[in-house]
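Asker: need a 3D model of the sequence below.
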Amino acid sequence: MFVLGLNGGGDAVFDAYFGLSEHAYHDTAAVLMQDGVVIAGIEEERLTRIKHTNKIWALSVQFCLDQANIQLEDIDYIAVYSNEDALNKVLKQQQLNNPLFYEIGEARKFFNYLFQREFNYCLKDKQLIFVDHHTTHAATAYYMSGFKDSLVLTIDGLGDEVATNVIDVRNKHFDYLLTKPGADSLGLLYWEVIRFLGYSHFDEYKVMGLSPYGCSETYKEQFRRLYTLLPNGDYSLHRDRASELFSILTPRQKDAPFTQVHMDIAAALQEALETIVFHILGHFQQVTGHTRLVISGGVGQNSSMNGKILRSGLFEDVFLPSFAGDSGCAYGAAAYVAHRMQPELPVARTSHAYWGTPIHDDEIGSTLESWDSFLQIEKMQNRSEQIADLMIDGAVIGWVQGRSEFGPRALGNRSILADPRVASHKETINAMIKMREGYRPFAPSILEERVRDFFEVPTEHADFPFMSFVLKVKPEWRAQLPAITHVDGSARLQTVSRATNPSYWELIDAFGSKTGIPILLNTSFNNNAEPIVDSIDDAVVCYLTSGLDYLVVGDYLARKKDWQPEDLAGLIVSLPKAAVLLREDRYISRSERGFSYALVWNYDSARRHVLSEAWYKILQAADGEQSVGGLMFILGFSMAQQAQVLEELPGLWSDRLLVLRPKVNL
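Answerer: Numbers count the residues shown, from 1 in each chain. Below you'll find the predicted structure:
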């Protein structure tokens, strides 16, 4: 039996017809299961290159079908991560803004419209099943955990008008013990506070990383006013009081430096979250007697909180997936329906999430060679030994192997890797490669069988494959592992199993054999303007526009040639499909009118990137067939204009405001 799980919005990548906020129906994804086992799964952002996209799942669905070599008519059930009544309500409200919804203003009509528009496919009777948002979160963690019985906690911003659920699950039966509405959303509280720190939606994890630099006691009383702990594991929030933070600090501008006040605010916020969550868990553990806990939902990606729960001893075992956020709802919807329709399916531990785009050996060489103006390529005979030596010599590596990971974590197949003993790597990778804040920590990947040698593991088991827990580095190793040890002596670790990822295990083992430390610094392979790389071309683009020393794809090693911006003129240029070019006739002073040029995104017009007139003309003329140089010739640019274009080109490319590809890759 095939079940396809979906989450996401309805707009095509080039359109914004439905006018959804980028914060609604975000992290679009599709997961295909056969008899409860994942065949394929991918986030739409990996294919559209739009971070946290809420565009339609067209590419991810087609990817899943292609991987299984089936058609939509072969799918038994399509599981959607939303309550049908709640979605009907949303669609009817849209009738006020969009006349199309008078015709498709019901959930089933809406999805039938989407499948006909994207695939020319009419859904079969009873093929479509809706699953409550938080039930899909719960199902994700429960069915992956392998626990027959467990307490389930789901926490996020809001989904189907629910923010938190506590569920007693016994042998696949879900008994809802506590449900909290949006007014008591811990996710929204976190978001409201981090705005004072210059952050916005999807930046919550950054503040979690900032919190260890602060003292939670400084503003503990102010944050204590934001919530009330109630009997029976209940709580209420007073989110309206968040505005009182204005009396403590002036909101930080996005690019301003952090002060101790900001760090103390982050620490107090983190402690408030943990206090509420422990209040919930303490009560319901006693009531149910469960010794196992699973957590999901966007707030469940707070790995610092998860580590404290694990270390508390409140539960004998705790499980979280690597995709606790909304992308994981595609998995949860599919799993929930699969187990309902096939009750005999076992609840078995899921050991990995390598379900995405495969890298085939026969395509690696030809794809890399298409970039030969920029890359020097060699095929390695002993990959693990050679790359381990390069990292020991100080190199930072872009690493691409096998199938990409499903979800937001790079787990060794689309990773940036480095020697964890080199303290300067933290600053170098943050500034020159990831292009992000310097305080941000990096995760260690360690051989599963060696984890107790280097980390304080509080549980009987020692497998943490999904990078979901922050644990303490053993004191005797902290000074020797400065690149992955956070300011509080902790690290968000990933254990690597030879059974699930032999190529990554062998690399870490080779590094460990040479250094005595079977650990690598591991961070996601991307810069701050894009999702994690998926294809070989994605990896090359990120490599060429960052400070990475080497790129490894399969058994191939690539080095950068000494290229100049003018060499980019030979690449084919195109406009990103979600981009909108603007030419505005407006006043540019009190008395003078003129034209201004900009690129905005159809999913967020507030993200405005000013363009020169020359680049506006190039992107307007770009058809995906002409090179930058060819377009400059066609447009009759002067030497001065050409110089301006080439000067601005690397920055535009690095910010992913345009797409560049070699001719042979069209």
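Asker: show me the helices in the stretch 501-650 of the chain, by range?
Answerer: Under the criterion DSSP state H, counting those that start in this stretch, helices of the stretch 501-650 of the chain are mapped to 502-515, 536-544, 613-621, 628-634, 639-654.
Asker: present those helices as JSON lines; the columns should include mean neighbour count, distance to L368 and mean pLDDT.
Answerer: Backbone N, C-alpha and C define where each C-beta goes, glycine included. As requested, these are arranged in JSON lines below (neighbours: other CB atoms under 10 Å; distance: least, CB to CB, whole Å; pLDDT from 0 to 100):
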{"stretch": "helix 502-515", "mean neighbour count": "19", "distance to L368": "18", "mean pLDDT": "99"}
{"stretch": "helix 536-544", "mean neighbour count": "23", "distance to L368": "7", "mean pLDDT": "98"}
{"stretch": "helix 613-621", "mean neighbour count": "19", "distance to L368": "27", "mean pLDDT": "98"}
{"stretch": "helix 628-634", "mean neighbour count": "18", "distance to L368": "21", "mean pLDDT": "97"}
{"stretch": "helix 639-654", "mean neighbour count": "16", "distance to L368": "18", "mean pLDDT": "97"}
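Asker: got a list of what the residue lying closest to Q644 once chain neighbours are set aside touches?
Answerer: Leaving aside its sequence neighbours, Q644 sits nearest to A614 (CB to CB, 6 or more residues apart in numbering; 5.5 Å). Residues in contact with A614 (CB atoms under 8 Å, 6 or more residues apart in numbering) are 637, 641, 644-645, 648.
Asker: now the helices of the stretch 501-650 of the chain in TSV, with distance to W477?
Answerer: Output for the helices of the stretch 501-650 of the chain, formatted as TSV (distance: least, CB to CB, whole Å):
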stretch	distance to W477
helix 502-515	12
helix 536-544	31
helix 613-621	50
helix 628-634	49
helix 639-654	36
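Asker: nearest to F119, out of the ones you listed?
Answerer: helix 536-544 (25.0 Å; CB to CB).
Asker: quick revisit: of the contacts of A614, which is the nearest to D76?
Answerer: E648 (51.8 Å).
Asker: hang on, that closest one packs against E613?
Answerer: No: using CB atoms under 8 Å as the test, E648 is too far from E613 to be in contact (11.3 Å).
Asker: quick one, strands of the stretch 51-200 of the chain?
Answerer: 77-80, 128-130, 149-159, 162-170, 173-181 (DSSP state E, counting those that start in this stretch).
Asker: what lies in contact with the first one?
Answerer: Applying CB under 8 Å, 6+ apart, the contact partners of strand 77-80 are 1-7, 87, 107, 111, 123, 127-131, 333-334, 336-338, 341.
Asker: same question, the last one
Answerer: For strand 173-181, the surrounding residues in contact (CB under 8 Å, 6+ apart) are 134-135, 138, 152, 161-169, 233-235, 280, 284, 287-288.
Asker: now with 6 Å?
Answerer: 162-168 (CB atoms under 6 Å, 6 or more residues apart in numbering).
Asker: kindly report the same for stretch 618-626.
Answerer: 573-575, 581, 631.
Asker: now with 7 Å?
Answerer: For stretch 618-626, contacts defined as CB atoms under 7 Å, 6 or more residues apart in numbering pick out 572-575, 581, 628, 631, 634-635, 645, 658.
Asker: can you check stretch 88-105 too?
Answerer: Residues contacting stretch 88-105 (CB under 7 Å, 6+ apart): 18-19, 106-107, 110, 113.
Asker: try stretch 252-259
Answerer: 196-198, 210, 262.
Asker: turn those into a markdown table, including neighbour count and distance to M33.
Answerer: Listed next are those as a markdown table, based on neighbours: other CB atoms under 10 Å; distance: CB to CB, whole Å:
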| residue | neighbour count | distance to M33 |
| --- | --- | --- |
| F196 | 21 | 42 |
| L197 | 24 | 40 |
| G198 | 17 | 41 |
| L210 | 25 | 38 |
| H262 | 21 | 44 |
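Asker: could you dump these into CSV and include distance to W399 and pLDDT?
Answerer: Rendered in CSV, the data for the contacts of stretch 252-259 read as follows (distance: CB to CB, whole Å; pLDDT from 0 to 100):
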residue, distance to W399, pLDDT
F196, 37, 89
L197, 32, 93
G198, 32, 92
L210, 27, 95
H262, 34, 93
